[in-house]
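**Student:** Sharing a model that was predicted from the sequence below.
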2 protein chains.
Amino acid sequence: MAEHLYQTITDDLRKAILDGRFAEGSTLPSENELATRYTTTRVTIRKSLQTLAHEQLIEARQGKGYFVMPPPHRRFTFQLDEAQSGSIRLRQVNMQLASAEVAQKLQLPEGSPVVVTRRLFYRDQTPISFEEKFIPFEPRMPTIELELNYVEFPALFAGRYVPMTIRTMMELDTTEAPEDICSELGLEPGVRLMVLRRTVLQGQNRPIGFGRQYLAPNYGPITAMSGYGAR
Amino acid sequence: MAEHLYQTITDDLRKAILDGRFAEGSTLPSENELATRYTTTRVTIRKSLQTLAHEQLIEARQGKGYFVMPPPHRRFTFQLDEAQSGSIRLRQVNMQLASAEVAQKLQLPEGSPVVVTRRLFYRDQTPISFEEKFIPFEPRMPTIELELNYVEFPALFAGRYVPMTIRTMMELDTTEAPEDICSELGLEPGVRLMVLRRTVLQGQNRPIGFGRQYLAPNYGPITAMSGYGAR
DNA sequence: AAGTGGTCTAGACCACTTC
DNA sequence: AAGTGGTCTAGACCACTTT
C-alpha cells in the first residue's frame, strides 16, 4: 500500500495492454488526457509511459502518440554461470604456443605464447563439461590469480583493464571434441559436442582472452527466454 | 549539434565511467552537485542518471548515492531470425499424433492430434537446418496460415491470443538427429546435431506451440554478447 | 541535523504531425 | 491552428543514511 501514483498508473496501463484492451499497433490516450484522468501532471504520466516504453510494451512517436508494440520474439536472453551447482577441478595451468584457432581468436601470430587453464566441471560426481581458457602470455603476469577456480573469466582482467570496457562474445556451436577431452569426460572419441566459445573483448574489439567449453550430452540444455518479461 | 543538455550530461558521465575515472563500486557526485556543476535542476540530472542506471552502468541507493556497477558478464543476448539470408522450403504440413516429447512439451496427453509443419532452411543452395513445429489441433483452426513460410512462430498465435502475453522459451542442446532429418540435411544417420527447442507460452506458462530446429554442422555458430553494450 | 536519492507539481517552450 | 510527444525549470515534500 501507499503505492506511488506513477506506479498505479504504470500498473493500470500495463494491465490494460496485457489484457488486450489496447490492440497491438493502436495508440494509448495522450499524455494530457491521462494527466487529466489521474488528476496529475504530464511529468508523472511521462514517468509511467517511459517505464512501459522501457519494457518495450509501447513506443513513443513524436507528434503522434504512444503505440502498443508486439513483444520481441527474436531476441533471446540466457544466463550462464561458471560456478553453478557442482564442483570444479583444475586440470592444468601452463604455457603453450597458440594453435591456429587460438591465435586467430586472440589476434596473435600463430605459435605465440599463451597461458592455458583447463578445468573439468562436475555435477553429482560425473563430469559434464570441460573448459579451456587462453590468455596471451605477458612476462610479469600474475599467474597465481589464474589458479583461482571460482573466478569469472572476465573478472581475471579486472586488474589490468577498466572493467566497464570488457565485453564477452559467445559462439555456440558443435564440433568433434579432441580425444583427450573426450576421455576426460568419459566419452568415446570423436563424438560431436556442443561448444561454447567465449572471446573476452576490451574496448571496441580487442581480444584479451579466449575460452572453449565443451558440454557433454548430459550437461542439459541451455535455456533462453524471449518476449515480454524475458529480462 | 543542438544536443540536449541531458544528453551532454549522460555522455559526459558515461565516458568518465568507461574511461575508468570512477572506480567500480565508487560513487558519482550527488544530484545536487551535478545540478550545480551543469547549472541545471535535479530533474534533468536525474534523467541522465536514470539512463545510465538503465544501461546498468550505475545503481542508485537511496540516502547514499549512485554507485558504479560492474558489467553483467553472465547474461547473454542473441538474436535468432527465422527468415535469415537464404531460402526456406516447406516440406510437410499435416496432422499427427503427439509423440512423448511433443505431448510433454505441449502438456497434452500422448497421442493427441497436433498439426505439424516441417521446413528445410537453405543457404547457398545447401541445406543448413531442418525445423518442425507442433501446434495442438483444434477443429476450426485456419491451416492456411500455417503454410505461410516467412511468418515468425509466435506470430502464428497473434489471432487467437493477446500478442503481448506470448513468450518463447528456448532450449539449446545436442541430440542424435532422426534418420529422415539427417537425409534431408544430407548427413550420415545418427550424427549429433545442435537442436533449438522452442516452446511458445501464453500467459503465465501455458504452452501453445512447440518447435524443434536441427542445425547442420555447416549452419555456423550462434553468437551472443554480454557486458555493456550487449543489448 | 545534514546530505542523499524518490516523488510530484505547475508551469514554460520546442519539434513534429495532422487537419 | 491544434494536438501530440520532448525538454526543462524552480520549487516542494518525503524516505533513507550518516554524523
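**Tutor:** Everything's here; your move.
**Student:** Flag every buried residue along the stretch of helix or strand residue A:118 belongs to.
**Tutor:** For residue A:118, the element it lies in under DSSP states H and E is strand A:113-123. Neighbour-count burial for strand A:113-123, counted by 16 or more other C-beta atoms under 10 Å in any protein chain shown, picks out A:114-121, A:123. Placement of C-beta: from N, CA and C, glycine included.
**Student:** Quick one: name the residues of chain A near DNA strand D.
**Tutor:** Applying C-beta under 7 Å from any atom of the strand, one finds that chain A approaches DNA strand D through A:27-28, A:30-33, A:42-43, A:46, A:60-66.
**Student:** Of those, which is the nearest to DNA strand C?
**Tutor:** residue A:63 (2.6 Å; C-beta to the nearest atom of the strand).
**Student:** hang on, the earlier thing: send the alpha carbons of the strand holding residue A:118 over as CSV?
**Tutor:** This file holds the C-alpha atoms of strand A:113-123, laid out as CSV (Å, rounded to 0.1, in the frame of the first residue of the first chain):
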residue,chain,number,x,y,z
PRO,A,113,53.0,-18.0,-26.0
VAL,A,114,49.7,-18.2,-24.2
VAL,A,115,48.7,-19.3,-20.7
VAL,A,116,46.3,-22.2,-20.7
THR,A,117,43.9,-23.1,-17.9
ARG,A,118,41.9,-26.3,-18.2
ARG,A,119,39.1,-27.2,-15.9
LEU,A,120,36.7,-30.0,-15.5
PHE,A,121,33.1,-29.3,-14.3
TYR,A,122,31.3,-32.0,-12.3
ARG,A,123,27.7,-32.4,-11.3
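**Student:** average pLDDT across it?
**Tutor:** On average, the pLDDT along strand A:113-123 is 91.
**Student:** Other residues contacting that strand?
**Tutor:** A:84-98, A:102, A:106, A:108, A:127-137, A:141, A:143, A:146, A:149, A:184-185 (C-beta atoms under 8 Å, 6 or more residues apart in numbering or on different chains).
**Student:** go again using 7 Å as the cut-off
**Tutor:** For strand A:113-123, the external contacting residues (C-beta atoms under 7 Å, 6 or more residues apart in numbering or on different chains) are A:85-98, A:102, A:127-137, A:141, A:143, A:146, A:149, A:184.
**Student:** cool, stretch A:185-192 as well?
**Tutor:** A:127, A:130, A:174-177, A:179, A:182, A:216, B:174, B:191-192.
**Student:** try 6 Å this time
**Tutor:** The contact list for stretch A:185-192 (C-beta atoms under 6 Å, 6 or more residues apart in numbering or on different chains) reads A:127, A:130, A:174, A:176, A:179, A:182, A:216, B:192.
**Student:** buried stuff in it?
**Tutor:** Those would be A:185, A:187, A:191-192, for stretch A:185-192 by 16+ other C-beta under 10 Å.
**Student:** Okay, now the unreliable bits of chain A?
**Tutor:** Residue ranges of chain A with pLDDT under 70: A:1-2, A:82-85, A:140-151, A:228-231.
**Student:** DNA strand C contacts on that one?
**Tutor:** Taking C-beta under 7 Å from any atom of the strand, the part of chain A that reaches DNA strand C is made up of A:4-7, A:39-44, A:47, A:61-64.
**Student:** Can you flag the buried ones in those?
**Tutor:** Neighbour counting by 16+ other C-beta under 10 Å classes A:6, A:40, A:44, A:47 among those as buried.
**Student:** Mind picking the two most distant members of these?
**Tutor:** A:40 and A:47 (10.0 Å; C-beta to C-beta).
**Student:** ok, back up a step: buried ones from the contacts of strand A:113-123, can you make that a ChimeraX selection?
**Tutor:** With 16+ other C-beta under 10 Å as the criterion, this ChimeraX line picks the buried residues out of the contacts of strand A:113-123:
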select /A:88,96,98,102,127,128,129,130,131,132,133,134,135,136,137,146,184
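**Student:** Alright, calling it a day.
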